[in-house]
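Participant: Starting from these lines, generate the structure:
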Amino acid sequence: TMMTGAYPAESGIIGNEWLDRASGKRVTSVSDETVKLLGGLPNDPAASPSRLMASTVGDELRLATSDRAKVIGISVKDRSAILPAGRHANAAYWFSWASGTMVSSTYYFPQLPAWVTAFNAAKPADKYFGTKWERLLPESEYIKRAGPDNPSWENVPSTWNDTNSFPHTITGGATSPNRNFYTALDYSPYINDILVSFAQQAIVNEQLGQDDDTDVLTVSFSANDYVGHRFGPYSQEVMDVTLRTDQSIATLLDFIDGRVGLANTLIALTADHGVAPIPEHAAALGLGGGRVPYANVMGKIQAAISARYNPQGKSPDPSADYLLRFPEGTTWREWFINNNIYFNYDALRRDGVNVEEFSQVVVAAALSVPGIARCFSRMQLLRGATSITDPIERRALHGFYPARSGDVVMVAEPYKLIAETITATHGSPYSYDTHVPTIIMGAGVTPGRYLEPASPADIAPTLSALLRITAPTNSTGRVLIEALRR
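Facilitator: This is a model prediction of the structure:
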C-alpha cells in the first residue's frame, strides 16, 4: 500500500498467502515458479512481483525517466523487498533463512551483481552466532514502560530454542551457523544491522542519488514484526527492538546525508500493520481477549452444512466436500486462510446447490460461533452491500479482491484471534492493527504534526506529487496537500 497507494482490493495483495483457484495451490504474494533464486541454495523457491496488480512510485519514476531512475528494494522478507519496489524495479534483495545470504531472483537479472556476491562471501550473518541480545537501556526503564520481562502470557515454545526473558542467546539451538540460527537471527534486532549494511553497499555500488534522476530505495525492517509475533507488542523485547530500530534508521540516514545529502532526499516512514495484544494478556486486563479454535469454527459450519444439505444423515455425507480442502501433512483440511473460507464450486454445481443460499448457511453458522463479530459473503461484497460509514465493513471491502479472496470473510471480536496459535499477530480491522505512523520529510514538505485523517495509502500519491510524476496506476490515496509547501 505504501508505494502503490492502493488497498488490497486494487493491488490484489490480499495477504501473505491465499488460495490460487486456478492451480489449487496455496501461493504466497510473491511466489513464482517461472523464476530461479540467485545467491541461495539450489532448490530454494524464488520470488517475483508478478502477482502485484498495480504499479508503484518506483515503476512510475522509471517510466517517467526512460529507465534512468534506479529502484531497489531490500528486506529480510521476500515480499517486503519485492512489493514496495514494484514490477519494473532494477532489483529486490531479501535474506535467506536457508543460506544466511542476501538473495534475489532471475526476474531482475541472470546473476547477482558482483558487489552482492562479495557481501555474501564475507558471511555477515555468521558473526552474530552466539550473540547475547541484552537490553539497550537499564532494566528499570523497561519495567516502567513495558512491564515485567516474563509474564505468563509470553509463552515461547521450547521448539523455538529461545527464552521468555533477557538475555536471548542467538543460536537457534544450533552448534554452528545453519538454518535454525539464521531463523533465530531474524527474531532479533541484529538482522536490521545487516540490512543497514547491505543498504549502504547498495547506495555506493549502484550509485544511488549520484545524478540528476531521482532513485528509489525501499528498506523494510522485518525484525520488528518477528519480535512482535514472538513476544507480543507490550513486551520488553518489542520495546528494545524499537529503540534499536531508531538507531538503525539514524545510521542509515547519517550515511545518506554524507553520501547524497538529506536536503536532496525524500523520506517516508510507515508500517504495513500494527499488532494485537497477546489474547491472554488482553484477557488478564479484562478486555475480552481470547482465541477462537479452528475446530470450533469449522465444526459449527460443517454441522450447519450437513444439517441443511444432508438432512437424512447419509453416509458418506454428500455435502462433505462443499468447502475446498487441501492437504496438510498426511491429512486434509478445509481452506481457511486470512479468516477467509473458500467454497468448492465444482461440488456445489454437481449437486445443484445455489451458491448464494449456501453462503447464507455458512455466514449464519459462523456468526453463531462465540468470538465471531462480523461475517461477509462474497455476494455482499461484490454488490457493495456494505456501509461505507462503518469502518469495519469499509475495511473488509478494501481487503476483498474477487479473483483471490474467499467466499466468506470473518472478523473476530476485538482482542480475539481466529484459528491462531501464534503468540501475537495482526490482520484485524481494529485500531491496534490499523493505527500506524505516516511520516514524510524532505524538500517541499512543511514540518509539523497534522491532525487530518491520513493513511499509508496517501504516501504514494504524495510522493508522486512532490516528484511531479503520475501517481501509481491503482492509487486511491489522497495527496497530503496540507503538508506540502505552496
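Participant: which regions of this protein sit below the pLDDT cut-off?
Facilitator: 328-329 (pLDDT under 70).
Participant: now do the same end-to-end measure for stretch 22-32.
Facilitator: Using Cα to Cα, to the nearest Å, one end of stretch 22-32 lies 14 Å from the other.
Participant: how far is that stretch from where the chain is centred?
Facilitator: From the chain centre to the centre of stretch 22-32 is a distance of 16 Å (Cα atoms, centre = their mean, to the nearest Å).
Participant: which residues sit against that stretch?
Facilitator: 13, 15-20, 45-52, 78-79, 82-83, 105, 107, 326, 337 (Cβ atoms under 8 Å, 6 or more residues apart in numbering). Using the backbone N, CA and C atoms, a C-beta is placed for each residue, glycine as well.
Participant: rerun at 7 Å
Facilitator: 13, 16-20, 45-51, 78-79, 82-83, 107, 326 (Cβ atoms under 7 Å, 6 or more residues apart in numbering).
Participant: Kindly report the same for stretch 259-271.
Facilitator: Residues contacting stretch 259-271 (Cβ under 7 Å, 6+ apart): 2, 203, 209, 253, 256, 436-443, 456, 459, 463, 466.
Participant: Out of those, list just those in helices.
Facilitator: 203, 253, 256, 459, 463, 466 (DSSP state H).
Participant: Contacts only, for the third one.
Facilitator: If I follow you right, that is residue 256. Contacts of residue 256 (Cβ under 7 Å, 6+ apart): 203, 262, 265.
Participant: Please name the nearest non-neighbouring residue to the first one.
Facilitator: Nearest residue to residue 203 in three dimensions, chain neighbours excluded: residue 259, at 5.9 Å (Cβ to Cβ, 6 or more residues apart in numbering).
Participant: gap between the one you found and residue 73?
Facilitator: Separation of residue 259 from residue 73 (Cβ to Cβ, to the nearest Å): 19 Å.
Participant: the more surrounded of these two?
Facilitator: Neighbours per residue (other Cβ atoms under 10 Å) separate residue 259 from residue 73, with residue 73 holding more: 31 against 16.
Participant: does that one count as helix, strand or coil?
Facilitator: strand (DSSP: H, G, I helix; E, B strand; the rest coil).
Participant: which residues in the stretch 251-400 of the chain form helices?
Facilitator: Counting by DSSP state H, counting those that start in this stretch, the segments of the stretch 251-400 of the chain that form helices are 279-284, 294-309, 345-350, 355-367, 378-382, 391-398.
Participant: okay, those, which one's buried deepest?
Facilitator: The highest mean neighbour count among those, using mean count of other Cβ atoms under 10 Å, belongs to helix 279-284: a mean of 20.
Participant: contacts for it?
Facilitator: Contacts of helix 279-284 (Cβ under 7 Å, 6+ apart): 153, 232, 234, 288-291, 415-417.
Participant: can we see that at 10 Å?
Facilitator: For helix 279-284, contacts defined as Cβ atoms under 10 Å, 6 or more residues apart in numbering pick out 147, 151-155, 232-235, 276-278, 287-292, 371, 412, 414-417, 420, 423-425, 432.
Participant: quick revisit: quick one, which of the helices of the stretch 251-400 of the chain is nearest to residue 169?
Facilitator: helix 279-284 (25.1 Å; Cβ to Cβ).
Participant: Just the CA coordinates for the closest one, please, in CSV.
Facilitator: C-alpha atoms of helix 279-284 as CSV (Å, rounded to 0.1, in the frame of the first residue of the first chain):
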residue,chain,number,x,y,z
PRO,A,279,-5.0,-12.6,23.7
GLU,A,280,-4.2,-13.9,27.2
HIS,A,281,-2.7,-10.5,28.1
ALA,A,282,-5.9,-8.8,26.9
ALA,A,283,-8.0,-11.3,28.9
ALA,A,284,-6.0,-10.6,32.0
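Participant: Report the distance from that helix to the chain centre.
Facilitator: The answer for helix 279-284 is 24 Å, by Cα atoms, centre = their mean.
Participant: again, but for stretch 162-175
Facilitator: Using Cα atoms, centre = their mean, the offset of stretch 162-175 from its chain centre is 25 Å.
Participant: Likewise for stretch 248-266?
Facilitator: 26 Å.
Participant: residues contacting the nearest residue to residue 358 once chain neighbours are set aside?
Facilitator: Excluding its sequence neighbours, the residue lying closest to residue 358 (Cβ to Cβ, 6+ apart) is residue 348, at 6.1 Å. Counting by Cβ under 10 Å, 6+ apart, residue 348 makes contact with 309, 319, 321-323, 354-355, 357-358, 407.
Participant: swap in residue 68?
Facilitator: Here residue 68 is in contact with 61-62, 211-215 (criterion: Cβ under 10 Å, 6+ apart).
Participant: what's the answer for residue 222, then?
Facilitator: 75-77, 79-81, 94-95, 186-187, 191-192, 195 are the contacts of residue 222 under Cβ under 10 Å, 6+ apart.
Participant: I figured residue 324 was touching residue 347, is that so?
Facilitator: Yes - the pair residue 324 and residue 347 qualifies as a contact (Cβ atoms under 10 Å) at a distance of 8.7 Å.
Participant: which residues are common contacts for those two?
Facilitator: If you check residue 324 and residue 347 against Cβ under 10 Å, 6+ apart, no residue is contacted by both.
Participant: so residue 59 is in which element?
Facilitator: helix 57-64 (DSSP states H and E).
Participant: which helices and strands does that helix pack with?
Facilitator: strand 71-75, helix 78-85, strand 216-220, helix 459-467 (3 or more Cβ pairs under 10 Å, 6 or more residues apart in numbering; DSSP states H and E).
Participant: Quick check: residue 10 is in a strand.
Facilitator: No - counting by three-state DSSP, residue 10 is not found in a strand; it is helix.
Participant: Adjust the sequence numbering to begin at 39 for everything that follows.
Facilitator: Sounds good: first residue 39 from here, last item residue 48.
Participant: what's the nearest residue to it if we skip its chain neighbours?
Facilitator: Residue 48 sits nearest to residue 512 (Cβ to Cβ, 6+ apart), 3.9 Å away.
Participant: Now do the same contact list for the one you found.
Facilitator: 42-45, 47-50, 90-93, 498 are the contacts of residue 512 under Cβ under 10 Å, 6+ apart.
Participant: The same query, at a cut-off of 7 Å, please.
Facilitator: Counted by Cβ under 7 Å, 6+ apart, residue 512 has contacts 42, 44, 48-49, 92.
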